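[1] sequence first, predicted coordinates after that:
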Amino acid sequence: MTDRILIVDFGSQVTQLIARRVREAGVYCEIHPFNALDDAKLKSFDPRAIILSGGPASVTETHTPRAPQGVFTQGVPVLGICYGEQTMAAQLGGAVESGHHREFGRATIEVKTDSALFDGVWGPGDHKPVWMSHGDRVTRLPDGFKVIATSENAPFAAVADEARKFYGVQFHPEVMHTPDGAKLLRNFARKIASCEGDWTMGAFKARAIADIRKQVGKGRVICGLSGGVDSSVVAVLLHEAIGDQLQCVFVDHGLLRLDEGAEVVRLFRDHYNIPLIHADASDLFLDALKGVTDPEVKRKTIGKLFIDVFEAESKKIGGAEFLAQGTLYPDVIESVSFTGGPSVTIKSHHNVGGLPARMNMKLVEPLRELFKDEVRVLGRELGLPQDMVNRHPFPGPGLAIRIPGDITREKLDLLRKVDAVYLDEIKRAGLYDEIWQAFAVLLPVRTVGVMGDGRTYDQACALRAVTSTDGMTADYYPFPHEFLGRVATRIINEVRGINRVTYDITSKPPGTIEWE
Ligand code: XMP
């Protein structure tokens, strides 16, 4: 079995980044909340090493989180980060003090001695930038530990018991603001814990295919295809695993971008030869959306109809007991709750939420161990075209939530044209991959303009482009002015019915990414 590292989560905002850095080092790892682990679970997980995450609590208070004591008796290397360092120190006989010396943000540490953790990265006397975010600090080390780096406000900025292979860092090696952090985590995973580094997408693909075959046997699987990255990767992976036992269903709600429906059919049915039902339900959706202006009612209307159509198409196929979904790892990580047991926050897929229960099917979720960027690597491994793999996220309700007010076919057509010009310019400028999402919004406003010798009274549109890492927060993308000018000119020249273009410079929060 592949070497695995266990990450014990104490509720830090950036625990997922630890996992990503470890996986980038070629080592498989999983995140589990501290209070969902006991010694038996630790044993059965059989980690090659354990990382204790940061967290918002204070070790100096009673009833705050502790690592299961088994962490320190498994005989495997342990790395404590921030809160993880503090609880490790406290649990092994050291002391932690509530800080008058808080450190938030950039700090400089001074390396005191060589250490396996710093091997090939830092040496004695080096001054290095790191990211700190702590109020408490370790004030007395447990037996066997020594200081390997200090900072102005954290005399124990990095500590080590090289014999037991226990390490603690007060700073956060997992964030980008600690420029050498990824290398330190790599040292821990590959050199200190001696993990092979065989977590590659090639290896994952082979294992996933074997697992799918084992789970499905001779059964039939239905997969909802949307044209997005996740469902596309699931479909191609399943097809490699079980061939025509897979049946894809593409519910086309008519709210997609220009030519997108046709592209999905071309790629999956014609290129990959995947059995695909293209359920063109645009009339149904438009009818149901007639006169609907409330964003939430729009979403619910679309969501419900989507399930109805999907279910009806699946019934026609008959005989399938499995439903494939593109659930990702961030959707299944249990989050830490300080108020009770571990709270399980499994989000249902936006677009097909509720489907599995209603259809009474068994789930096939081959991506549930992967982060989004890993899904993209897997997509490339499977030979999916680059522009499909790098695609921006697209919301399930599609263009309906980019047309404030009621939806009509004419408005959709107009928006599609604007959107196509905008994206074309972004791609020509080589900016597509720098942007998390870019799209146009059709505003329910008519404004006066002048074109040639005539007065116009046409619609206005807004352009949006944001950068983000997870869609939870976002910044507007700072396009050069001449780029915006060029796009506006093209839209007004090429899209009859639009005479004004605006650019949305709201970040999230306080705005949201979508307009509805
Ligand atoms: P907001 O607008 O909430 O969007 O800042 C955050 C991310 O979620 C996407 N989004 C949706 N995706 N169904 C989806 O599948 C939805 O109803 C939905 N609403 C927003 C949005 O595109 C962005 O990536």
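    Sure, I can see it. Numbering: from 1, shown residues only.

[2] how far away is the residue of the stretch 151-300 of the chain found nearest the ligand from residue 287?
    Nearest residue of the stretch 151-300 of the chain to the ligand (CB to the nearest ligand atom) works out as residue 299 at 5.1 Å. C-beta coordinates here come from the backbone N, C-alpha and C atoms, glycine included. Computed as CB to CB, to the nearest Å, the residue 299 to residue 287 distance reads 17 Å.

[3] go on, residue 66?
    According to CB to CB, residue 66 and residue 287 sit 58 Å apart.

[4] do residue 8 as well
    Residue 8 is 52 Å from residue 287, by CB to CB.

[5] who has more neighbours, those two?
    Remark: of residue 8 and residue 287, residue 8 carries more neighbours, 28 against 10, as counted by other CB atoms under 10 Å.

[6] mind listing the strands the helix or strand harbouring the more buried one pairs with, and their directions?
    Assigned by DSSP states H and E, residue 8 falls within strand 4-9. Note on strand 4-9: by DSSP bridges, its sheet partners are strand 28-33 (parallel), strand 49-52 (parallel).

[7] give me the distance from the longest one to the chain's centre.
    Spelled out, that is strand 28-33. Relative to its chain's centre, strand 28-33 lies at 15 Å (CA atoms, centre = their mean, to the nearest Å).

[8] not counting the helix or strand immediately after it in the chain itself, show me its contacts.
    Remark: after strand 28-33, the chain's next helix or strand is helix 39-45, criterion DSSP H and E. By CB atoms under 8 Å, 6 or more residues apart in numbering, the list of residues contacting helix 39-45 from outside reads 4, 6, 30, 32, 50, 68, 69, 70, 71, 74.

[9] can you list these in JSON lines and add pLDDT?
    Below are the contacts of helix 39-45 laid out as JSON lines (pLDDT from 0 to 100):
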{"residue": "4", "pLDDT": "96"}
{"residue": "6", "pLDDT": "98"}
{"residue": "30", "pLDDT": "94"}
{"residue": "32", "pLDDT": "94"}
{"residue": "50", "pLDDT": "98"}
{"residue": "68", "pLDDT": "95"}
{"residue": "69", "pLDDT": "94"}
{"residue": "70", "pLDDT": "95"}
{"residue": "71", "pLDDT": "97"}
{"residue": "74", "pLDDT": "93"}
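
[10] which of the residues you listed has the most neighbours?
    Counting by other CB under 10 Å, top hit in those: residue 50 with 28 neighbours.

[11] so who does residue 458 touch?
    So residue 458 contacts 446, 447, 449, 497, 498, 499, 500 (CB under 8 Å, 6+ apart).

[12] got a winner among these for most neighbours?
    residue 498 (25 neighbours).

[13] so that one sits right up against residue 414, yeah?
    Yes: with contact defined as CB atoms under 8 Å, residue 498 and residue 414 form a contacting pair (6.9 Å).

[14] okay, and the common contacts of those two?
    The contact sets of residue 498 and residue 414 overlap at residue 459 (CB under 8 Å, 6+ apart).

[15] picking up where we left off before, among the contacts of residue 458, which ones are in strands?
    446, 447, 449, 498, 499, 500 (DSSP state E).

[16] where's residue 311 relative to the ligand, distance?
    Remark: distance between residue 311 and the ligand (CB to the nearest ligand atom, to the nearest Å) = 19 Å.

[17] in what element of secondary structure is that residue found?
    Using DSSP H and E, residue 311 falls within helix 295-317.

[18] state the mean pLDDT of that helix.
    Averaging pLDDT along helix 295-317 gives 94.

[19] okay, buried residues for the next helix or strand after it please.
    Scanning forward in sequence from helix 295-317 by DSSP H and E, the next helix or strand is strand 322-324. Residues of strand 322-324 classed as buried by neighbour count (16 or more other CB atoms under 10 Å): 322, 323, 324.

[20] of those residues, closest to residue 86?
    residue 324 (43.2 Å; CB to CB).

[21] please tell me I have it right and that closest one contacts residue 362.
    No: counting by CB under 8 Å, residue 324 sits too far from residue 362 to count as a contact (10.1 Å).

[22] before we move on, the earlier item: let me know the closest of the contacts of residue 458 to residue 57.
    residue 500 (51.9 Å).

[23] so which helix or strand of the chain has the lowest pLDDT on average?
    The weakest-scoring helix or strand in the chain, judged by mean pLDDT, DSSP states H and E, is helix 355-359 (a mean of 70).

[24] quick one: contacts of the next helix or strand after that helix?
    Downstream of helix 355-359, the first helix or strand assigned by DSSP H and E is strand 362-364. Here strand 362-364 makes contact (CB under 8 Å, 6+ apart) with 212, 215, 216, 221, 238, 321, 322, 323, 324, 325, 327, 356.

[25] by neighbours, which of those residues wins?
    For the contacts of strand 362-364, neighbours tallied by other CB under 10 Å; top is residue 324, 28 neighbours.

[26] beta-bridge partners for that one, please?
    Note on residue 324: beta-bridge partners residue 223, residue 364, judged by DSSP bridges.

[27] tell me the contacts of it?
    So residue 324 contacts 221, 222, 223, 224, 234, 235, 238, 246, 363, 364, 365, 366 (CB under 8 Å, 6+ apart).

[28] against residue 234, how distant is it?
    5 Å.

[29] what do the two both touch?
    Here residue 324 and residue 234 share the contacting residues 223, 366, scored by CB under 8 Å, 6+ apart.

[30] near the ligand, which residues of this structure?
    Contacts of the chain with the ligand, taken as CB under 6 Å from any ligand atom, map to 299, 350-351, 393, 395-397, 437, 471, 508, 512-514.

[31] recalculate using a threshold of 5 Å.
    Residues of the chain lying near the ligand by CB under 5 Å from any ligand atom: 350, 393, 395, 396, 397, 471, 512, 513, 514.

[32] of the residues you listed, which is the nearest to residue 167?
    residue 471 (33.4 Å).

[33] secondary structure element for the closest one?
    Short version: residue 471 belongs to no helix or strand, going by DSSP H and E.
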